[in-house]
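Trainee: When you get a sec, could you give me coordinates for this:
(chains A and B)
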Amino acid sequence: MADSYIVSGNPHWHAPVSTRKIMLDVIIALSPAVIVSFLFYGWSEIFVMLESIAFCVLTEWAITKFLMKKPSTIGDLSAVVTGILLAMTLPADMPWWIVLIGALVSIGVAKMTFGGIGQNIFNPAIVGRVFLLISFPAQMTTWPAPNGFIKNVDAFSGATLLQQVQLLGADKAEALVNFGTLFENIGGSAGEISALALLVGWIYLLCRKVVKPWITISIFATVAIIAGIFHSVDPMTYTGPIFNLLTGGIILGSCFMANDYVTSPMNDWGGVIYGFGIGFILMMIRYFGSYPEGMAFAILIMNMTVPLINRAFHQRKYGRK
Amino acid sequence: MSKLTFSIGGVHPRDCKPAKDKAIELLPLPETMYMSMAQHLGAPAKPIVAVGDKVKTGQVIAESAGFISAMVHSPASGTVKAINPMPDIAGRMVPHIIIDVEGDEWVEGVDTGEDIVSEIPQDSLAMLERIKACGVVGLGGATFPTHIKLNPAPGSPKAEALLINGSECEPFLTSDYRLMLERPKRIIIGAAIMQQILGGPKCSICIEDNKPEAVTSMRNALAQLGYPDMEVVRLKKKYPQGSEKQLIQAVMRREVGSGALPISVGAVVQNVTTAYAVYEAVQKNKPLISNIMTVTGDCLPVEAQHNYEFRIGMPLSYIAEYAGGVPKAAAKIVSGGPMMGKAIANLDAASVKGSSSLLYLKHKTTKRLVEQACIRCGHCADACPMGLEPFLLNRLYKAGNRLDELEKHAVQDCIECGCCLYSCPAGIPLLDNIRIAKQQVMSAMRARAAAAKASAEANAASETKAEAKKQ
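Mentor: Numbering: from 1, shown residues only, chains lettered A, B, ... in the order given. Next up is the predicted model:
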């Protein structure tokens, strides 16, 4: 036998999966919502999106090259996903330097400080968004009217539906929600404009078996139950389940951020507990907090519990009780 | 579509069996054959022939050397040329009996006719002796001596089910499939013999539903033979269905405890090829000197793929040459399937009882992904048919000195099926590491058991001493 052959342990072939392919699937899943946001907010949103992706990828590249002195990891596309998600949580008219700060915090602080992909405790895009929300409250809560390539005659700038609750009261704000809200929301973060586009993307991820539905379903169910109870007790003060499921960052957060592999529990039942925690904290912030929206905070708080949940929940093992 | 399958984990590798339409061909004898003394699980056999002895086909040339061991028979007639250590497929030195082939003259008492004998003898003990004398071992992969499995230790539960494993869940392999198509009656008679030896448990012949022709063939043969308490069961295709524990769970909905034998839940599992070998041994007095091998791979055109009936002891290189040589594009040669087979380091090694394939894989197919960081996707845990968490075991192994935790998380239950590494998107060599961890934990467990036994014996001894003093 003159030639030489590879000798290694089994298995001798591999499923057609890779980190890059998974991230590509997430990007495909996000694209309907991204396209809708482009249509409604026009060029300003396209610029914010491109800036966010570019800054995130550049930050990761620079840190791996100059600080960690390791091979670059930007090829796995996870920085692109973070860039897209960060842009989706920002108002469409963000100045570029605020986007840059967001990207530096997301990738530089929340991701690379912990060792890069797979090591971070908190979802990088959410850390970036929360940092900006606290640092630049004015810019982060003034929303441009959705008047891009598609003109929305009813659009008004200024307040999101959740902000209307504090301005007008629960019942009046709720009257603004109708069937159309499912397709296009009124003002808000760019990526949250179409609940339907986000859900389509989520279903794509489910079909591709990239994510499992339990965390997302658990958040939705918790929010619906808590809102249902409070709303039936006092509809003048507390908004109802439909309003709470369709407004703010709940769909973007539940379908694309809370179920991020790295920062969510490994086990299905652990995921249900984690989802319940997010839903509960979210509703407490919405009803009793000073912020109109609490999705980002709810996810970050529950991110911290993941190592504990992972300790408590394990797979059912074959042949063991 | 059948819904019957195991419930924890499993993967769906690409279903490719390019050699499935190739009928079994008989390989001619080479000039020299090499019989390994270690072609079964357990103690290597002890040669009972000397250099220069004349041997006949089917003659015992090595005896079993221990409780778990098996006889080895000459695969041809000729002269014993040497008894030497030789490298096996992995390159380990193993004693071999080397035979200069002169012909194919069988020993007396073997029925070499092709007629099918369906009358089953009544004497179970005599049949068990035959199976032992003919050197039959499990041909599904483990090569565990069959006579031991068919004769459970006294005190073990009664066998309630005999599962004949025809699932052949590994891609590329087609030897079991061809046997079920071409020689179904002999498999079924072999199964009926084992059924009788075990005291008449229900017998299920388990076949995955990607092989409907095999199901039909086996059902027809069963209908013609008309044995009671025997059925052909269709299973939903999923890897590793052919693994003993998974098959028992799929068919019987029972789980074998950690470290326990299948008989503890009343099950005995035998491969279809083993059933065939049992038929040959009991009905024809023919020792296990041949088996079926698939020569296949993704770098071979369909016309170059073959299913061969080979004599055990033929060098693998001889079989490869006969089939047209190793293809240029082959980067890895595997004995067994792509999920659980063993990479061949030495193609000059002899074929053994358990050889089932020569699988040639292209570099593109077999190359591993570049290892990246774990993204905690949990795909490995979803894939593990034992319900283990490979990401966790890998992390504990890499942390070093965590044997207690590895044992707590059941690394010793790993069946090394390869599902975790197969499905890891980050290309982490999970199974490579887990295999090492498993060996470490199992040797620690063995040492602990030995120490416990020693201290129990010491206690018993001191107690007897004290008793003696009292009296």
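Trainee: Specify the local secondary structure of B:G325.
Mentor: Under the three-state scheme (DSSP: H, G, I helix; E, B strand; the rest coil), B:G325 adopts coil.
Trainee: scratch that, B:C206 is what I was asking about
Mentor: strand.
Trainee: Quick one, grab the pLDDT at it.
Mentor: Looking at B:C206, its pLDDT is 96.
Trainee: Find the nearest non-adjacent residue to it, please.
Mentor: Spatial nearest neighbour of B:C206, excluding adjacent residues (CB to CB, 6 or more residues apart in numbering or on different chains): B:V233 at 5.0 Å. (C-beta placed from N, C-alpha, C; glycine too.)
Trainee: So that neighbour lies in a strand, does it not?
Mentor: Yes. Checked against three-state DSSP, B:V233 lies within a strand.
Trainee: measure the residue most central in space within chain B to chain A for me?
Mentor: Closest residue to the average C-alpha location of chain B: B:G141 at 1.5 Å, with CA atoms, centre = their mean. Between B:G141 and chain A the distance, using CB to the nearest CB, to the nearest Å, works out to 11 Å.
Trainee: residues contacting that residue?
Mentor: B:N271, B:G336, B:M340, B:G354, B:S356 (CB atoms under 8 Å, 6 or more residues apart in numbering or on different chains).
Trainee: Residue 226: neighbouring residues, count only.
Mentor: As the question left the chain open, I've gone with chain A. Using other CB atoms under 10 Å in any protein chain shown, A:I226 has 21 other residues around it.
Trainee: wait, chain B
Mentor: As a burial measure, B:G226 scores 8 neighbours (other CB under 10 Å).
Trainee: Please name every helix or strand in contact with the helix ranked longest in chain B.
Mentor: Criterion DSSP state H: the longest helix present in chain B is helix B:430-470. Counting by 3 or more CB pairs under 8 Å, 6 or more residues apart in numbering or on different chains; DSSP states H and E, the packing neighbours recorded for helix B:430-470 are helix B:390-399, helix B:403-408, helix B:419-423.
Trainee: Give me the contact list for the last one.
Mentor: Looking back up the chat, that one is helix B:419-423. Contacts of helix B:419-423 (CB under 8 Å, 6+ apart): A:11, A:13-15, A:17, B:9-11, B:13, B:239-240, B:339, B:379-380, B:382-385, B:390, B:428-432, B:434.
Trainee: and the residues you listed, which are buried?
Mentor: The neighbour count (16 or more other CB atoms under 10 Å in any protein chain shown) marks A:11, A:13-15, A:17, B:9-11, B:13, B:239-240, B:339, B:379-380, B:382-385, B:390, B:428-431, B:434 as buried among those.
Trainee: what about A:M302, neighbour count?
Mentor: Neighbour number of A:M302 under other CB under 10 Å is 26.
Trainee: Could I get the contacting residues of it?
Mentor: A:A258, A:Y274, A:G277, A:I278, A:I281.
Trainee: Quick one: residues contacting the nearest residue to B:A373 once chain neighbours are set aside.
Mentor: Excluding its sequence neighbours, the residue lying closest to B:A373 (CB to CB, 6+ apart) is A:G118, at 4.0 Å. Counting by CB under 8 Å, 6+ apart, A:G118 makes contact with A:V262, B:A373, B:C374, B:I375, B:R376, B:A426.
Trainee: My guess is A:M257 contacts A:F122. True?
Mentor: No. Using CB atoms under 8 Å, A:M257 is not in contact with A:F122, being 10.5 Å away.
Trainee: Okay, helices next: where are they in the stretch 51-200 of chain B?
Mentor: Using DSSP state H, counting those that start in this stretch, the helices of the stretch 51-200 of chain B run over residues B:124-133, B:146-149, B:175-182, B:184-197.
Trainee: scratch that, the stretch 151-300 of chain A
Mentor: Assigned by DSSP H, counting those that start in this stretch, the helices in the stretch 151-300 of chain A fall at A:161-168, A:170-175, A:195-207, A:214-233, A:241-246, A:250-252, A:268-288, A:295-303.
Trainee: helices or strands up against the longest one?
Mentor: Helices and strands touching helix A:268-288, by 3+ CB pairs under 8 Å, 6+ apart, are helix A:214-233, helix A:295-303, helix A:306-312.
Trainee: quick revisit: could you pick out the buried ones from the contacts of A:G118?
Mentor: Buried among those (16+ other CB under 10 Å): A:V262, B:A373, B:C374, B:I375, B:R376, B:A426.
Trainee: Need the max-distance pair from those residues.
Mentor: The span of the buried ones among the contacts of A:G118, defined through CB to CB, is set by A:V262 and B:A426 at 11.5 Å.
Trainee: anything in contact with each of the two?
Mentor: A:G118, B:I375.
Trainee: mind giving me the domain ranges of the chain?
Mentor: Because you didn't say which chain, this covers chain A. Per automatic domain parsing, the domain ranges recorded for chain A read A:19-141, A:161-312.
Trainee: um, chain B though
Mentor: According to automatic domain parsing, the ranges for chain B are B:1-109+B:117-366, B:368-471.
Trainee: so which of the ones you listed comes closest to A:P241?
Mentor: Across those, the minimum distance to A:P241, taken as CB to CB, is reached by domain B:368-471, at 30.2 Å.
Trainee: pLDDT of the closest one, averaged?
Mentor: Mean predicted lDDT for domain B:368-471 stands at 92.
Trainee: Show the backbone phi and psi for the residue in the stretch 151-300 of chain B positioned nearest to chain A.
Mentor: Nearest residue of the stretch 151-300 of chain B to chain A, counting by CB to the nearest CB: B:E255, 4.2 Å away. Main-chain dihedrals, B:E255, degrees, to the nearest 10: phi -120, psi 130.
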